[in-house]
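A structural model of the following input is requested.
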Amino acid sequence: MIKLLIVEDDPVIVRTLSDFLENEGFACSTANGQKRALELFEENEYDIVLLDIALDDGSGFVVCNTIKRKRNTPVIFLTASGDEHSTVTGLELGADDYIAKPFRPRELVSRIRAVLRRTGRSRSVFELGGVCVDTEKASVTKNGEEVNLSALEYRLLLTFINNRGRTMTRAQLLEHIWDAAGDFVNDNTLTVYIKRLRDKLEDDPQNPKLIKTIRNMGYRLGE
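Predicted coordinates for the structure are as follows:
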């Protein structure tokens, strides 16, 4: 999956952006300033970084310069600054793209994927046994046949993919999918949607191999 780091000090933007991008199939980490961003960058490998210029404890320019010197990870600046100087400075530091706030989420996703393709880091297809998920096309197939999923079922599947191998509690799953398609989701309906996913994806829904129940804990995709 595409690992993405969001560096932004506005918690509302961080939450909104993270939820949207995770729904699009990205695995998101977040940092609220220069210090935390550089710590995460040292500890993890990311495919792309979304970076605000104005940070409470420093500058996005410093973060970009460090990222480009050490690993040349793709960077897209997100900023309210529309002046020519900021744009030129960011590009001269090696930024791969530049998009001003407020931006349209779909446009941002398109720009992210364009940068990933251009830099050879695009990975949008995931194989889960006989199930294939293409997040760029938003398509799911099983043994070559298309599987029709509702918006909420697809978001639930992406949540599992983004946390592959990790046990997710019911509360964590509900937090990720509660507003998908505007549907009301509670603990009972989560059970229904997990059953629907198993019915559509598992060879034997009564003995699931993909979406496993971890007793007294939650669910896990794969091993």
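
tell me which strands and helices the helix or strand harbouring Leu116 is in contact with?
Per DSSP states H and E, Leu116 falls inside helix 105-118. In terms of contacts (3 or more Cβ pairs under 8 Å, 6 or more residues apart in numbering; DSSP states H and E), helix 105-118 is packed against helix 11-23, strand 48-52, strand 75-79, strand 97-100. (C-beta placed from N, C-alpha, C; glycine too.)

To Ile211, which of those lies closest?
Comparing those against Ile211 with Cβ to Cβ, the closest turns out to be helix 11-23 (17.7 Å).

how does this structure divide into domains?
2-118, 125-221 (automatic domain parsing).

Reformat the ones you listed as CSV; add mean neighbour count and mean pLDDT.
Formatted as CSV, the domains of the chain follow (neighbours: other Cβ atoms under 10 Å; pLDDT from 0 to 100):
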stretch, mean neighbour count, mean pLDDT
domain 2-118, 17, 88
domain 125-221, 15, 86
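
Just the terminal-to-terminal distance for stretch 3-12.
Start to finish, the residues bounding stretch 3-12 are 21 Å apart (Cα to Cα, to the nearest Å).

any idea how far Ile53 is from the closest residue to Val62 other than its chain neighbours?
Spatial nearest neighbour of Val62, excluding adjacent residues (Cβ to Cβ, 6 or more residues apart in numbering): Gln34 at 5.9 Å. The gap separating Gln34 from Ile53 is 11 Å, by Cβ to Cβ, to the nearest Å.

Overlap in contacts, the two.
Taking Cβ atoms under 8 Å, 6 or more residues apart in numbering as the contact rule, Gln34 and Ile53 both touch Ser59, Gly60.

my read: Leu4 touches Gly25, true?
No: using Cβ atoms under 8 Å, Leu4 makes no contact with Gly25, being 10.2 Å away.

So what pairs up with the residue nearest to the spatial centre of the chain in the strands?
Note on the chain: the residue nearest the mean C-alpha position is Phe26, at 2.2 Å, using Cα atoms, centre = their mean. For Phe26, the beta-bridge partners under DSSP bridges are Ile2.
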